[in-house]
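Chemist: Show me the folded form of this:
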Amino acid sequence: MMFVTEHPAPYWDEAFVHLSEYCDLRVVYVQRFVKSKPWKNYNFFNGIFYNETLKLISCLFSANHVIVGGYYRKELVYILIMAILFFKKISLFSDVQHNKHRNVFKRFLRKILFSRYSYFFISGEKGIEFFKKTYKIPSRKLIYLPYAYTHPSTIDLEQNNSFSKLSILISSRFVERKGHMTLVRALEKCSKSTLNTCHFTFIGEGKLKKEVDYKLSCVEGLSYEMLGWVNIDSYKKQITKNNVLIHPSIFEPFGIPVIDAMNRGLIVIASSGVMSAYDFIKDGVNGYIYNNSSFIDLTKKIEYIAKNKNKLKEISKKARNTIPRYKYFIKKAVEKL
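Modeler: Sure, this is the predicted structure:
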């Protein structure tokens, strides 16, 4: 099997490790790094790169099934065309698509392209619904495969779960769709008594960082820090150090921090636009969901957990027991092939 993706990433490594237990797996990366995710000292799953032409052709020739991670880059399209010319079985991996109005002609072309795919590996349940409704893909071809994650060790779970102080983490890039401005407006409406019991930690970079920082500094009584971009180990330490995660994206095709946080027993407050939350959180049972278009709704969620700390340990326990080990999803996917 040959799996093609844009670049190495921690959210693929676990998938490749488990998938390689079931087949002779060859991974192809279009490029080594992307500017938005500058991981350092990161040992990724071994693979070849698109510019290694002879190795790429050899890999294509020997594979009997090629899975392509999207069709948004010309390199991915070229590999797809070569796979068709080599008469290979081809499948698509796709994020959850944003359900917006699409050009009718482009949709028609995609239907033709999609008719060539044997299977569709989709990272979320809403994505499966979208492919069924929009492109009339039969259920037998649709396979649920979320992005990969690792379960924490016992040591990782030894965090402060007293909830006497709410240590709240926000982990995402500072771009418009990540919803930081919604969070700022929500915090502006929070009571002083709520803010007095909270500390917010922001990790990530992006063009809106300075603007968000300034607006946060204007919120009276708000305790917060901006850490910028952090590497994988530091990110995991922050997840363990905090006891609440807010994921405010207006739309998020998946949302790995939600999974990492729930697996460590954090209280997760996520917008209705975060697809991993849609798949795994039942509002008020193992986390909280708010309307992604309403900062007032987010304010109410923050106020609620601040005033009902006695309920949070049970929510934390249920969150930690929600998501199966990632190998489960790989096994289910392989069984369907």
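
Chemist: Please report how far residue 222 lies from residue 186.
Modeler: Residue 222 sits 11 Å away from residue 186, going by Cβ to Cβ, to the nearest Å. Quick note: C-beta positions are derived from backbone N, CA and C, even for glycine.

Chemist: Next: residue 130.
Modeler: 29 Å.

Chemist: about what we covered before: of residue 222 and residue 186, which one has the most company?
Modeler: residue 186 (24 against 18; other Cβ atoms under 10 Å).

Chemist: So that one: helix, strand or coil?
Modeler: helix (DSSP: H, G, I helix; E, B strand; the rest coil).

Chemist: Can you name the residues that contact it?
Modeler: Residue 186 makes contact with 295-296, 298-299, 302, according to Cβ atoms under 8 Å, 6 or more residues apart in numbering.

Chemist: Please repeat the previous calculation with a cut-off of 7 Å.
Modeler: Taking Cβ atoms under 7 Å, 6 or more residues apart in numbering, we find residue 186 in contact with 295, 298-299, 302.

Chemist: any weak-confidence spans in the protein?
Modeler: Residue ranges of the chain with pLDDT under 70: 100-102, 154-161.

Chemist: which ones are touching the most centrally placed residue in it?
Modeler: Centroid-nearest residue in the chain, with Cα atoms, centre = their mean: residue 255, separated by 2.8 Å. Residue 255 sits next to 247, 249, 270, 274-277 when contact means Cβ under 7 Å, 6+ apart.

Chemist: how about CSV for these, with secondary structure, distance to residue 317 and neighbour count added?
Modeler: Below are the contacts of residue 255 laid out as CSV (DSSP: H, G, I helix; E, B strand; the rest coil; distance: Cβ to Cβ, whole Å; neighbours: other Cβ atoms under 10 Å):
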residue, secondary structure, distance to residue 317, neighbour count
247, strand, 20, 27
249, coil, 26, 25
270, strand, 18, 32
274, strand, 22, 28
275, helix, 24, 25
276, helix, 19, 27
277, helix, 18, 27
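
Chemist: which one of these sits closest to residue 88?
Modeler: residue 275 (29.5 Å; Cβ to Cβ).

Chemist: surely the closest one meets residue 253?
Modeler: Yes - between residue 275 and residue 253 there is a contact at 5.9 Å, judged by Cβ atoms under 7 Å.

Chemist: shared neighbours of these two, anything?
Modeler: Residues touching both residue 275 and residue 253 (Cβ under 7 Å, 6+ apart) are residue 96.

Chemist: give me the number of residues near residue 108?
Modeler: 10.

Chemist: Am I right that it is in a strand?
Modeler: No - looking at residue 108 with three-state DSSP, it is helix, so not inside a strand.

Chemist: just the strands in the stretch 101-250 of the chain please.
Modeler: Under the criterion DSSP state E, counting those that start in this stretch, the stretch 101-250 of the chain contains strands at 119-122, 142-144, 166-171, 198-203, 224-228, 244-247.

Chemist: Dump the ones you listed to CSV, plus distance to residue 67.
Modeler: Below are these laid out as CSV (distance: least, Cβ to Cβ, whole Å):
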stretch, distance to residue 67
strand 119-122, 7
strand 142-144, 10
strand 166-171, 28
strand 198-203, 31
strand 224-228, 34
strand 244-247, 28
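
Chemist: most neighbours per residue, which of those strands?
Modeler: strand 244-247 (a mean of 26; mean count of other Cβ atoms under 10 Å).

Chemist: Can you list the strands that it pairs with?
Modeler: strand 166-171 (parallel), strand 267-271 (parallel) (DSSP bridges).

Chemist: Please dump those into JSON lines; it should also carry distance to residue 134 for every row.
Modeler: Listed next are the strands paired with strand 244-247 as JSON lines, based on distance: least, Cβ to Cβ, whole Å:
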{"stretch": "strand 166-171", "distance to residue 134": "31"}
{"stretch": "strand 267-271", "distance to residue 134": "23"}
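
Chemist: mind listing what's buried in stretch 285-292?
Modeler: Neighbour-count burial for stretch 285-292, counted by 16 or more other Cβ atoms under 10 Å, picks out 286-290, 292.

Chemist: what's the span of it, first residue to last?
Modeler: For stretch 285-292, the first-to-last residue distance is 19 Å (Cα to Cα, to the nearest Å).

Chemist: Next, the residues that contact it from outside, please.
Modeler: By Cβ under 7 Å, 6+ apart, stretch 285-292 touches 250, 262, 267-273, 277, 281, 283, 297-298, 301, 315, 318-319, 322.

Chemist: what do you get if the cut-off is 8 Å, keeping everything else the same?
Modeler: So stretch 285-292 is contacted by 179, 182, 248-251, 262, 267-274, 277-278, 280-281, 283, 297-298, 300-301, 304-305, 315, 318-319, 322 (Cβ under 8 Å, 6+ apart).

Chemist: Among these, the buried ones, what's the ChimeraX command?
Modeler: Filtering these down to the buried ones (16+ other Cβ under 10 Å) takes a single ChimeraX command:
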select :179,182,248,249,250,251,262,267,268,269,270,271,272,273,274,277,278,280,281,297,298,301,305,315,319,322
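
Chemist: Out of the contacts of residue 255, which comes closest to residue 141?
Modeler: residue 275 (20.0 Å).

Chemist: give me every residue that touches the closest one.
Modeler: Residue 275 neighbours (Cβ under 8 Å, 6+ apart): 95-96, 123-127, 252-255.

Chemist: Of the residues you listed, which is the nearest to residue 50?
Modeler: Using Cβ to Cβ, the contacts of residue 275 come closest to residue 50 at residue 95, 20.3 Å.
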